[in-house]
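Colleague: Sequence and predicted structure, then a few things I'm wondering about:
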Amino acid sequence: MTTPHRPPHRVRRVALLAVAGAAVAAAVAVYADRRLRTVAPPPSPIEPLPGDPPPAPRRPGRRAGVVAAAAALAAVALAVVAITVVLVARTARSGTTTAAATVTASPAETKPMPLITCQFTVATQLDPGVPVTCGYEKSGTRSPFDEPAADLTDPRFFGAALPDTLAVDGAACPDGMTALVVEAAYPKLAATFVQIPGLRRVEPTFQLRSSYPDDALALERAGSPASAGQAAQLDLRMVQRLTQGGRYEWRVKSTPQSVAGGDWSPWCEFTVAEKTSDHLGLDDTRDYTVTRSAAVWRTVLEALGPVETEADGARPVHEPIATAMAGAPKPDELVPVRLTGEDWSLVVGNLARRASADASPGYWAVVDDVSVALGGHPHPTMGFPRTGAAQPV
């Protein structure tokens with residue numbers, strides 16, 4: 001029930017004093033009029049005789065002065081009453097406006113939306129550049145990693161499109177203590193969500209952190225929007241290379257980063273294999289030497305093309321191979337080549353790209369040979385389909 005507005009105590013006191021003053025002034029005027037009627041002598045009935053001096057002019061009667069003073073006092077009191085009434089009315093209107101503004105300033109939409117309502121709001125927003133918060137307060141740009149998974153018994157999650165299944169490189173996250181090992185330094189994290197009729201898409205958020213051998217990695221990224229019946233993905237090739245032999249865990253929620261809805265899935269843990277097919281696993285800053293026959297290096301130069309200075313003045317990464325081959329050694333002569341780990345990854349990656357594009361078993365054989373010499377996977381792909389190559393056994 002709304003409490004009626006009351007004017008301030010100071011205004012009420014002024015109004016009471018003004019009314020009291022007006023009442024006193026009116027009483028004084030009435031009393032003075034009666035008093036003068038009683039004390040003042042009546043006018044003389046004797047007419048003046050001829051020859052008598054004219055009567056002296058009379059001073060204004062006391063009655064008229066008292067009445068005038070009382071009237072003035074009453075007028076002042078009435079003016080104070082009128083001004084006070086105006087002030088009270090204005091104060092009342094101001095208080096009513098303030099109360100209305102207070103009611104307007106706290107609408108119901110500031111409360112957190114149910115998650116399903118929030119998801120429909122996100123899916124139908126007209127300006128993707130304006131973040132939607134759905135009434136949830138959030139500090140910073142990243143959610144806490146220690147926030148618990150969604151409690152399915154919480155009413156705010158009822159009917160929402162929560163994460164349903166999680167997979168790493170196509171392998172479903174196992175239940176219990178079963179270990180999941182992936183042979184990729186750039187695995188793809190994928191999640192499907194409970195389908196809700198009419199919900200066109202879900203804009204997910206992924207969290208990934210390392211748990212072994214250290215906990216240096218902790219990142220949060222927006223995943224690809226998932227349409228109804230499709231999986232949302234986070235392709236780590238565009239985000240982060242994982243350490244071979246490292247252990248990681250990740251989870252996903254069905255709302256953007258701007259929504260602190262707490263709709264996280266349970267964590268999914270996996271381990272990266274000691275040798276992966278999509279990366280050599282080298283230290284980018286360390287130098288590595290590979291010694292192979294001149295025939296092998298000629299095949300590499302044939303696949304990568306001539307060594308030419310690029311438009312920006314940069315030299316191709318396989319220039320040291322061409323320099324080592326400058327003496328035209330015999331095909332079976334061994335030739336050492338020294339490159340950094342980063343350059344070896346680029347050389348083998350470019351060679352794998354050419355082998356996949358040409359479906360060349362010969363190029364794939366050189367890729368395998370150089371990878372083994374560097375201690376890498378025996379049949380690497382470097383992220384490209386192994387077309388034209390014998391399938392690993």
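Modeller: Cool, the structure landed.
Colleague: And the strands in this structure, which stretches?
Modeller: Here the chain has its strands, by DSSP state E, at 163-168, 171-172, 181-182, 188-193, 201-202, 205-212, 218-222, 226-227, 232-235, 247-253, 268-272, 287-293, 334-340.
Colleague: Lowest average confidence across these, which one?
Modeller: In terms of average pLDDT, strand 226-227 trails the rest of the strands of the chain, at a mean of 90.
Colleague: Chain neighbours aside, what residue packs nearest to Asp235?
Modeller: Lys188 (5.3 Å; CB to CB, 6 or more residues apart in numbering). For glycine as for every other residue, the C-beta is placed from the backbone atoms N, C-alpha and C.
Colleague: try Gly159
Modeller: Leaving aside its sequence neighbours, Gly159 sits nearest to Ile116 (CB to CB, 6+ apart; 4.5 Å).
Colleague: Now do the contacts for that neighbour.
Modeller: Taking CB atoms under 8 Å, 6 or more residues apart in numbering, we find Ile116 in contact with 158-161, 196.
Colleague: Using PyMOL, make a named selection holding only the buried ones among the residues you listed.
Modeller: Command for PyMOL, covering only those of the contacts of Ile116 found buried under the criterion 16 or more other CB atoms under 10 Å:
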select buried, resi 160+161+196
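Colleague: Now flag whichever of the contacts of Ile116 is closest to Lys275.
Modeller: Here the nearest of these to Lys275, counting by CB to CB, is Ala161; it sits at 38.2 Å.
Colleague: Tell me the confidence at the closest one?
Modeller: At Ala161, pLDDT is 94.
Colleague: repeat for Ala68
Modeller: What the model reports for Ala68 is a pLDDT of 50.
Colleague: Val11 too?
Modeller: At Val11, the predicted lDDT confidence score is 45.
Colleague: Walking through the protein, point out its helices one by one.
Modeller: Taking DSSP state H as the test, the helices found in the chain are 9-39, 62-105, 115-123, 294-304, 319-324, 341-358, 361-373.
Colleague: Who are the contact partners of the residue nearest to Gly341 when sequence neighbours are not counted?
Modeller: Nearest residue to Gly341, sequence neighbours excluded (CB to CB, 6+ apart): Leu282, at 3.2 Å. Counting by CB under 8 Å, 6+ apart, Leu282 touches 288, 341-342, 344-345, 374, 376.
Colleague: Which pair of those spans the longest distance?
Modeller: Using CB to CB, the contacts of Leu282 span at most 14.0 Å, a distance reached by Glu342 and Gly376.
Colleague: So these two - more neighbours on which side?
Modeller: Gly376 (24 against 14; other CB atoms under 10 Å).
Colleague: before we move on, the earlier item: could the contacts of Leu282 be laid out in CSV, adding distance to Pro174?
Modeller: CSV is the format used below for the contacts of Leu282 (distance: CB to CB, whole Å):
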residue, distance to Pro174
Tyr288, 36
Gly341, 33
Glu342, 35
Trp344, 35
Ser345, 31
Leu374, 32
Gly376, 27
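Colleague: Now which of those would you call buried?
Modeller: Neighbour-count burial (16+ other CB under 10 Å) applied to those gives 288, 341, 344-345, 374, 376.
Colleague: and of those, the nearest to Pro128?
Modeller: Nearest to Pro128 among those: Ser345, at 35.6 Å, using CB to CB.
Colleague: ok, and the closest non-adjacent residue to that closest one?
Modeller: Distances taken as CB to CB, 6+ apart place Leu280 nearest to Ser345, at 5.4 Å, with adjacent residues excluded.
Colleague: check contacts around the one you found.
Modeller: By CB under 8 Å, 6+ apart, the contact list for Leu280 reads 341, 344-345, 348, 371, 374-377, 380.
Colleague: Turn the residues you listed into JSON lines, columns for pLDDT.
Modeller: Output for the contacts of Leu280, formatted as JSON lines (pLDDT from 0 to 100):
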{"residue": "Gly341", "pLDDT": "96"}
{"residue": "Trp344", "pLDDT": "97"}
{"residue": "Ser345", "pLDDT": "96"}
{"residue": "Val348", "pLDDT": "97"}
{"residue": "Ser371", "pLDDT": "97"}
{"residue": "Leu374", "pLDDT": "97"}
{"residue": "Gly375", "pLDDT": "95"}
{"residue": "Gly376", "pLDDT": "95"}
{"residue": "His377", "pLDDT": "96"}
{"residue": "Pro380", "pLDDT": "96"}
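Colleague: nearest to Val132, of those?
Modeller: Closest approach to Val132 among these (CB to CB): Ser345, at 40.4 Å.
Colleague: so Pro266 sits right up against Ala149, yeah?
Modeller: Yes: using CB atoms under 8 Å, Pro266 is in contact with Ala149, at 4.8 Å.
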